[in-house]
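> Show me how the following folds:
(2 chains)
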Amino acid sequence: MPLTSIVEAKEVIRTFRLKYNCDLNVFTLISFRYKIDKIIALHYLKYADLLCSRINEDPEFRDEFLFDISTASTEMFRDPDFWITLKDQVLPELNRTVSPTVWLPGTTSGNELFSFAIVLMNLGIRDHYNLFASSYAQKSADLILSGGFDNKHLEQSLENFHKVFPAEDFKQYLELINHTFYRIREPFRNVRFATHDIFLKPAPPGINLILFRNKLISFTWEFQTRILDYFTGILEPGGFLITGYQENVEKYILTKPGMTIFNKEERIYRKIC
Amino acid sequence: MLTKKIILIGGSAGSFRVVNRMISVFPSGYHHYVIFCLHRLKNIRNGFVEALSANARLPVKEPLDKDPVKTGTLYLAPANYHIMTDHGFHFSLSVEDTVNHSRPSIDILFETAAEVYSNRCIGILLSGANSDGAKGMEKIKNAGGTTIIQDPENCEIPYMPNACLRLFKSDFVLNADKIVNFIRDLK
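Numbering: from 1, shown residues only, chains lettered A, B, ... in the order given. The predicted structure follows:
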């Protein structure tokens, strides 16, 4: 079980709400407790009480905390079959739209954003697209734009990439500085970064594709439905919504007006009107 | 009325043959909850359920997030997700960082189940090449559950059971045949 108890987690949530008027009860408690464990270890805080004090006393810690509770994507090109489907089935449809707008809310590590941008570059359509990435914390954008990323899962990312682009060398998108790999900045050119609130607002205008894989699972079911109401409402007709492979949302999405399944295996939904 | 137990099976390298045998002995109408957490390739989603289903009398399923934990199904942790049980007796999935280089992590499943199901847990740890599962087994033991470790001498790769044995004294250390008989005969 997580080291953080239910009572301690609720105290952290209460402290943050009182300080910043932001309710973190949207996260499932079990998942949130593991996040608190991680934050306590990362910042050498030892106890949840000390974390509460830090939240109360250090305004600069707010952004750090929001970054740490965000759900990072695990590696680049996670689920290679999805990226192949995106490349071969979704993007040809989207290319019929003039300057399609793609939104990646909850962007934390930039792995999904980088993967998406590389697919566009590879197809020679990068400049045709408007990419928006938003996150709870400004730190996410700063980290992504610095080129830094967790090298721990690089081998898995390389393996994934080669399944999507067998003839390409992924290392052309990386640079090695002092024994550490950084991502090149080119794929992030013209990406518009922003922060959003806990409800993932505001969204950019005129969205044709929302990529939100494996983020819903950290939320309670009630909050998942609220987010799906929001996403399916703001999506342009003909637009796509993409969720994670094990996310249990198909039935709910299909109750929303105009929403259909575009590719069941890859959890890709489309708004037809 | 018999109490429903929750059987939690963790395995890694060298565990597939035992798992395959275990899968085949759960009869239809099996009274207890069963969850397998097996280390597997991260980017191969399909094929494992099908391979296990070939020998199973109960359906094998990778649960979706927030699915209820039910009897009559053999649950398998999906590739590249941590699997947890929560206090509403649902599955909760996560893509948080690897634990013991593993996602799914056996420790994560076992310790969350220990918190929810306490003495109703039966933790079974099989062959494997890292120490994942040892701490989770200890949590099960401390919660009043039952722990069974595959006898290291009977394992293809004994590292995982040995790591567990170094941590605490397990209720049982059994070879594969006896583990299979144990779960088959559990009332």
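> got the residues of chain A near chain B?
Residues of chain A lying close to chain B by CB under 8 Å from any CB of the partner chain are A:1-2, A:28-31, A:34-35, A:38, A:71-75, A:78-81, A:152, A:156, A:159-160, A:163, A:214, A:216-218, A:221, A:244-248. Glycine gets a C-beta too; all of them are placed from N, C-alpha and C.
> Can you list the buried residues in stretch A:245-252?
Under the neighbour-count criterion of 16 or more other CB atoms under 10 Å in any protein chain shown, stretch A:245-252 has A:245-249 buried.
> how about the strands in chain B?
For chain B, applying DSSP state E gives strands covering B:6-11, B:33-38, B:60-61, B:74-76, B:82-85, B:91-94, B:121-125, B:146-150, B:172-174.
> Now render those strands as a markdown table, adding mean neighbour count.
Formatted as a markdown table, these follow (neighbours: other CB atoms under 10 Å in any protein chain shown):
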| stretch | mean neighbour count |
| --- | --- |
| strand B:6-11 | 27 |
| strand B:33-38 | 24 |
| strand B:60-61 | 18 |
| strand B:74-76 | 23 |
| strand B:82-85 | 27 |
| strand B:91-94 | 25 |
| strand B:121-125 | 28 |
| strand B:146-150 | 24 |
| strand B:172-174 | 17 |
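> quick one, what contacts the residue lying closest to A:P2 once chain neighbours are set aside?
Excluding the flanking residues, the one nearest A:P2 by CB to CB, 6 or more residues apart in numbering or on different chains is A:R33, at 3.8 Å. Residues near A:R33 by CB atoms under 8 Å, 6 or more residues apart in numbering or on different chains: A:2, A:4-6, A:9.
> Which elements pack onto the host helix or strand of A:K139?
For A:K139, the host element (DSSP states H and E) is helix A:138-146. Helix A:138-146 is packed against helix A:61-69, strand A:130-135, strand A:192-195, with contacts defined by 3 or more CB pairs under 8 Å, 6 or more residues apart in numbering or on different chains; DSSP states H and E.
> Let me see the contact set for A:T232.
By CB under 8 Å, 6+ apart, the neighbours of A:T232 are A:241, A:253, A:256-259, A:271.
> Which strands and helices lie in contact with the longest helix seen in chain B?
For chain B, the longest helix by residue count, based on DSSP state H, is helix B:106-117. If you count contacts as 3+ CB pairs under 8 Å, 6+ apart, helix B:106-117 packs onto strand B:6-11, strand B:33-38, strand B:82-85, strand B:121-125, helix B:134-142.
> sorry, back to before: name only those of the contacts of A:R33 that count as buried.
Burial by neighbour count, 16+ other CB under 10 Å: within the contacts of A:R33 this picks out A:2, A:4, A:9.
> on that earlier part again, just curious, which of the contacts of A:T232 is nearest to chain B?
When the contacts of A:T232 are compared for distance to chain B (CB to the nearest CB), A:I253 wins out at 13.2 Å.
> is it true that that closest one touches A:L241?
Yes. If you go by CB atoms under 8 Å, A:I253 and A:L241 touch, sitting 7.0 Å apart.
> about what we covered before: turn the buried residues of stretch A:245-252 into TSV, columns for pLDDT.
Shown next, in TSV, are those (pLDDT from 0 to 100):
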residue	pLDDT
A:Y245	96
A:Q246	96
A:E247	97
A:N248	95
A:V249	97
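> Mind putting those residues into a markdown table with secondary structure?
What follows is the buried residues of stretch A:245-252, written out as a markdown table (DSSP: H, G, I helix; E, B strand; the rest coil):
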| residue | secondary structure |
| --- | --- |
| A:Y245 | coil |
| A:Q246 | coil |
| A:E247 | coil |
| A:N248 | coil |
| A:V249 | coil |
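> Which single one of these is nearest to chain B?
A:N248 (3.8 Å).
> contacting residues around the closest one?
Contacts for A:N248 (CB under 8 Å, 6+ apart) come out as B:64-67.
> Who wins on neighbours among these?
Across the contacts of A:N248, neighbour numbers were computed from other CB atoms under 10 Å in any protein chain shown; B:D65 holds the maximum, 26 neighbours.
> thinking again about what came up before, nearest to A:L131, out of the contacts of A:N248: which one, please.
Nearest to A:L131 among those: B:D65, at 27.0 Å, using CB to CB.
> What separation is there between B:N46 and B:E62?
Distance check for B:N46 against B:E62: by CB to CB, to the nearest Å, it reads 10 Å.
> Mind giving me the packing neighbours of the biggest strand by length in chain A?
With secondary structure taken from DSSP E, chain A has its longest strand at strand A:235-242. If contacts are counted by 3+ CB pairs under 8 Å, 6+ apart, strand A:235-242 sits against helix A:91-94, strand A:207-211, strand A:268-271.
> picking up where we left off before, from the residues of chain A next to chain B, which land in strands?
Using DSSP E to define strands, no part of the residues of chain A next to chain B is located there.
> Quick check on those: which are buried?
Applying 16+ other CB under 10 Å to the residues of chain A next to chain B flags A:1-2, A:28-31, A:34-35, A:38, A:71-75, A:78-81, A:156, A:159-160, A:214, A:216-218, A:221, A:244-248 as buried.
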